[in-house]
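Chemist: just coords:
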């Protein structure tokens, strides 16, 4: 697909309220490397089921996570968040559900879930048994997962 067609597809997904996710950006098979820049996408899949063994983590996940992590600093400077997601579209028997993206949404609806992912109010877990809470506090203000806590400058 050419660049113009790719951009047209991204615009079409977003026009319907969808989220464009770079899935399997480093898939370990011929032609599996993502050919479009990660900056084009709204989110990046950093954890997917194993391709050839019954292990929850592998080298292509590590590469995707490392690349996403390097981009965090740039995103913080520009104000553009690009959330990480996990997907259980497993390629081997018995892996469905590992990993999964857990989302803090206002309600159980597609628009609310997509809004929460866009805002970064999500995390990736191996199973539903994993629960995560995170709160940051500064100058009497607090922020949780996906919220921002701006820096206070002292004079």
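Modeler: Sure thing, it's come through. This one's a predicted model, so the numbers in the text were calculated from it and none came from an experiment. Numbering: from 1, shown residues only.

Chemist: gap between the two ends of stretch 28-41?
Modeler: End-to-end span of stretch 28-41 (CA to CA, to the nearest Å): 20 Å.

Chemist: list the buried residues for that stretch?
Modeler: In terms of neighbour count (16 or more other CB atoms under 10 Å), stretch 28-41 has its buried residues at 34, 41. Glycine gets a C-beta too; all of them are placed from N, C-alpha and C.

Chemist: how far does it sit from the chain's center?
Modeler: 15 Å (CA atoms, centre = their mean, to the nearest Å).

Chemist: give the rounded mean pLDDT of it.
Modeler: Stretch 28-41 carries an average pLDDT of 82.

Chemist: for residue 142, name its beta-bridge partners.
Modeler: Beta-bridge partners of residue 142, counted by DSSP bridges, are residue 137.

Chemist: residues in contact with it?
Modeler: Applying CB atoms under 8 Å, 6 or more residues apart in numbering to residue 142 gives the contacts 135, 136, 149.

Chemist: make sure residue 115 is indeed in a strand.
Modeler: No - applying DSSP: H, G, I helix; E, B strand; the rest coil, one finds residue 115 to be helix, outside a strand.

Chemist: in the chain, which spans are helices?
Modeler: In the chain, the helices defined using DSSP state H lie at 3-15, 59-78, 110-119.

Chemist: which one of the ones you listed is the most hemmed in?
Modeler: Comparing these by mean neighbour count (mean count of other CB atoms under 10 Å), helix 110-119 comes out on top with a mean of 16.

Chemist: now do it: everything it contacts.
Modeler: 17-19, 42-43, 81, 83, 85, 101, 103-106, 122, 146.

Chemist: and the residues you listed, which of them are in strands?
Modeler: Counting by DSSP state E, the contacts of helix 110-119 place 43, 85, 101, 103, 122 in strands.

Chemist: thanks again, I'm all set now.
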